[in-house]
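In: next comes the sequence, and after it the predicted model I'd like to discuss.
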Amino acid sequence: MKQIERIAASLFGIGFLTLAFAVAVETISRKVFNRSLQGVDELGGYILSVGAAMAFAVTLCGRAHIRIDIVHDRLPRALRILLNLLATPALAACAVAIFVMAGYSLRDTIAFNATAQTPWATPLKYPQTLWLASLGVFCLVALVETAGLLRLALQGRFDEIDRRYGPRGTKDELAEELADIKARGVAAPGETVETKGSGRS
């Protein structure tokens, strides 16, 4: 799952860097040469749709989808675990539904040979195929997460369900930040970092 998260995040970042570069070129071209590339807004729409689908998967891996944790943390343990058992399958069902509907949309686009109503007249089957593939990644991640949740439930490991599938709290975020700081070799406040080969900290 971490590998999928890294790949999706990398593709997301590359897409938006490409869009930023295209917008910069478009702006300079308009201001300096009084000419437009005629299609940067269209490219932006494609990148945003594909990037958003990728972001769904990255957000799910990081347990960052919005949940009302201020209420969740104050619920009885049994009710909290029950909500965790329901949340991930519900999100997976939503992901599957979106993927299926996107597949219907792509099917119709191919059948009618639809093109964008823009100067580029892009055949919509190409960006929609990328969009469907990105939604497929989200769908796959959601189903894998659901399978892991059900496995833990069948094994009776409810404390781990509460820990792994509940919304991230401030303690989780702090632990991740400290782990990231140590991984980058930067000392957290009040700590020292051991330097390689020096034998000292």
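Out: Thanks, I have it. Numbering: from 1, shown residues only.

In: how near is residue 82 to residue 118?
Out: Distance of residue 82 to residue 118, given as C-beta to C-beta, to the nearest Å: 49 Å. Placement of C-beta: from N, CA and C, glycine included.

In: what of residue 141?
Out: 32 Å.

In: between those two, which one's more packed in?
Out: Taking other C-beta atoms under 10 Å, residue 141 and residue 118 do not tie; residue 141 has more neighbours (23 against 13).

In: name the helix or strand for the more buried one, please.
Out: Secondary structure from DSSP states H and E places residue 141 in helix 125-154.

In: where do the helices sit along the chain?
Out: Applying DSSP state H to the chain gives helices spanning 2-28, 40-61, 69-72, 77-112, 125-154, 158-165, 170-183.

In: what comes up buried for the fourth one?
Out: The one in question is helix 77-112. Across helix 77-112, burial judged by 16 or more other C-beta atoms under 10 Å covers 80-81, 83-85, 87-89, 91-92, 95, 98-99, 102, 106, 109.

In: from those, pick the one nearest residue 154.
Out: residue 85 (11.4 Å; C-beta to C-beta).

In: so the closest one touches residue 153, yeah?
Out: Yes - contact criterion C-beta atoms under 8 Å: residue 85 and residue 153 qualify, at 6.3 Å.

In: who touches both of the two?
Out: residue 161 (C-beta atoms under 8 Å, 6 or more residues apart in numbering).

In: dump the residue contacts of residue 6.
Out: Contacts of residue 6 by C-beta under 8 Å, 6+ apart: none found.

In: quick one: low-confidence parts of this protein?
Out: Confidence mapping of the chain against pLDDT under 70 gives the ranges 1-2, 4-5, 67-69, 168-177, 186-201.

In: taking helix 77-112 as reference, get the angle to the helix holding residue 141.
Out: If you take axes from the mean of the first three to the mean of the last three C-alpha atoms, to 10 degrees, helix 125-154 sits at 160 degrees to helix 77-112.

In: buried sites along helix 125-154?
Out: The neighbour-count check on helix 125-154 (16+ other C-beta under 10 Å) flags 125, 127-128, 130-132, 134-139, 141-143, 145-146, 148-149, 152-153 as buried.

In: the closest residue to residue 83 other than its chain neighbours and residue 150, how far apart?
Out: The shortest distance from residue 83 to any non-neighbouring residue, by C-beta to C-beta, 6 or more residues apart in numbering, is to residue 72 (6.7 Å). Plainly put, residue 72 is 20 Å away from residue 150 if you go by C-beta to C-beta.
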